[in-house]
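K.L.:
Any chance you could fold what I've pasted below:
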Amino acid sequence: MSSGFERDRGEFARGGKAVVVLPDQGGAARDSEARLAETAGLAEAIGLVVTDKVALRLRTPRPATLIGQGQIEQIAATARMEDAQLVIFDASLTPVQQRNLETALEAKVIDRTGLILEIFGERAATAEGRLQVELAHLDYQAGRLVRSWTHLERQRGGYGFLGGPGETQIEADRRLIRDRMAKLRRELDQVRRTRTLHRDRRQRAPWPVIALVGYTNAGKSTLFNRLTGAQVMAENMLFATLDPTLRQIALPGIDKAILSDTVGFVSDLPTQLVAAFRATLEEVVSADILIHVRDIAHPDSEAQRADVEAVLLELGVAEATPRFEAWNKLDLLDTDAREALLADAAKREDVMPLSALTGEGADALLRSVAEKLTAGHRRYTIALDLADGAGAAWLHQHGEVLDHWLEEARALYEVRLSPADHERFEQLMERGPSSPV
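P.N.:
Residues are numbered from 1 along each chain as shown. Alright, predicted model coming up:
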């Protein structure tokens, strides 16, 4: 194996050369060029240099190698010519197929799942994210006898598998893997309990939670920064954001709401990652409203929308959860395409065209979200003691104060509240004037 992928103690050497291979079986929602471009983008996101992209027509998958002998020879010749040390298959490979291909190609081989796990392993910034990535990686590697697992006793860093110590030792200590996974699950359960406590505290407040979801690189983090004034990492890169971020925002008629930025989805998202990141994505499941951010300028925007909806369904997000589609990246469209898009959006109440980069349409999106959240609100006239500043502050914070006036020794407020908030306010007032805060 070339030294380009040798790492010391799990550190990934960037700049290695790779060839991307798509075994095309036909019938896919995307054409082969778009799929190859996306996989190349995933590889480049972790510093790989993609030297060639090859689409192969796959009529009948081979159990031993997935592709035919002639195709193996073609890829081997390409890898040698490009001096590539890694071949990335945009498909799911069995452990046997991966091992046989590595022998035949004389190069390291990983599949789509392995590539995405490698990206997540490099990008996870929080302790929770690292736990989730390691658990997903161990789950993926448990059946692949491609490396030594004795390093788990040392608890060393790095969860990648493009190379490293023990790479040539075809052994796996299943007991160590099982024990380590059990320990990770216990730690993640603790994280989940802590997150649940925080969520319960917010729901008692209660502040509506708005979750941004969408395909990776659709512009979620750019929109999040635009709406909150935050400085979350937002780059033209797949999976630029992994760990969830929550910020407080104000909406028309709603003094406080919580906006959540989440990891981007991708087609064929590994099931190990969906399971491992379920704790993080619980913010999406419990959200009051979803904003599905779409890269409307992307040629596969519709296929990406279907992929996101499939992942949401797998996560258990109810179809009844209110949602908007934010048709992002208007600034990338030419005049004709832009006018056609705006005409289509005008026919739908759940769509808001915008450019997160320039800010066009962002205010209109907030107004639409506020209208959706307050659609069930009613008008109430509430009387408070003149000295009850806490009660007045609660009304301003949780509802829309339309008018207020003094009458004898009382302050009267005409306020728009949800029935649930009104009932909660009444219960709080029964406990005493200072209870709402």
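K.L.:
can you pull out the strands in the stretch 251-400 of the chain?
P.N.:
254-261, 289-295, 323-328, 351-353, 378-385, 400-407 (DSSP state E, counting those that start in this stretch).
K.L.:
what's around the nearest residue to Arg14 once chain neighbours are set aside, how many residues?
P.N.:
In space, and not counting its chain neighbours, Arg14 is closest to Gly47: 3.0 Å by CB to CB, 6 or more residues apart in numbering. All C-beta atoms are positioned from the backbone trio N, CA, C, and that covers glycine. Neighbour count for Gly47, taken as other CB atoms under 10 Å: 12.
K.L.:
What is the three-state secondary structure of Gly47?
P.N.:
Secondary structure for Gly47, judged by DSSP: H, G, I helix; E, B strand; the rest coil, is coil.
K.L.:
for the stretch 301-437 of the chain, which spans come out with low pLDDT?
P.N.:
318, 431-437 (pLDDT under 70).
K.L.:
now the helices for it?
P.N.:
Using DSSP state H, counting those that start in this stretch, the helices of the stretch 301-437 of the chain run over 301-315, 335-346, 362-373, 389-398, 419-430.
K.L.:
Can you lay out the ones you listed as a markdown table showing distance to Asp295 and mean neighbour count?
P.N.:
Output for the helices of the stretch 301-437 of the chain, formatted as a markdown table (distance: least, CB to CB, whole Å; neighbours: other CB atoms under 10 Å):
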| stretch | distance to Asp295 | mean neighbour count |
| --- | --- | --- |
| helix 301-315 | 6 | 17 |
| helix 335-346 | 12 | 12 |
| helix 362-373 | 16 | 18 |
| helix 389-398 | 35 | 18 |
| helix 419-430 | 36 | 14 |
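K.L.:
now those as a markdown table including distance to Leu212?
P.N.:
As requested, the helices of the stretch 301-437 of the chain are exported to a markdown table (distance: least, CB to CB, whole Å):
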| stretch | distance to Leu212 |
| --- | --- |
| helix 301-315 | 11 |
| helix 335-346 | 18 |
| helix 362-373 | 11 |
| helix 389-398 | 23 |
| helix 419-430 | 24 |
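K.L.:
Go through those and name the closest to Met81.
P.N.:
Closest approach to Met81 among the helices of the stretch 301-437 of the chain (CB to CB): helix 301-315, 32.5 Å.
K.L.:
Would you mind measuring from His396 to Val213?
P.N.:
Per CB to CB, to the nearest Å, His396 is found 30 Å from Val213.
K.L.:
circling back: tell me which of the helices of the stretch 301-437 of the chain sits nearest to Arg14.
P.N.:
Closest approach to Arg14 among the helices of the stretch 301-437 of the chain (CB to CB): helix 301-315, 27.4 Å.
K.L.:
got the angle between that closest one and strand 323-328?
P.N.:
150 degrees (axes from the mean of the first three to the mean of the last three CA atoms, to 10 degrees).
K.L.:
starting at the chain centroid, how far to helix 301-315?
P.N.:
12 Å (CA atoms, centre = their mean, to the nearest Å).
K.L.:
same deal with stretch 208-219?
P.N.:
7 Å.
K.L.:
what about it, start to end distance?
P.N.:
For stretch 208-219, the separation between the terminal residues is 22 Å (CA to CA, to the nearest Å).
K.L.:
number of nearby residues for Ile249?
P.N.:
Ile249 sits with 18 neighbouring residues when counted by other CB under 10 Å.
K.L.:
from now on call the first residue 760
P.N.:
In the new count, where the first residue is 760, that last one comes out as Ile1008.
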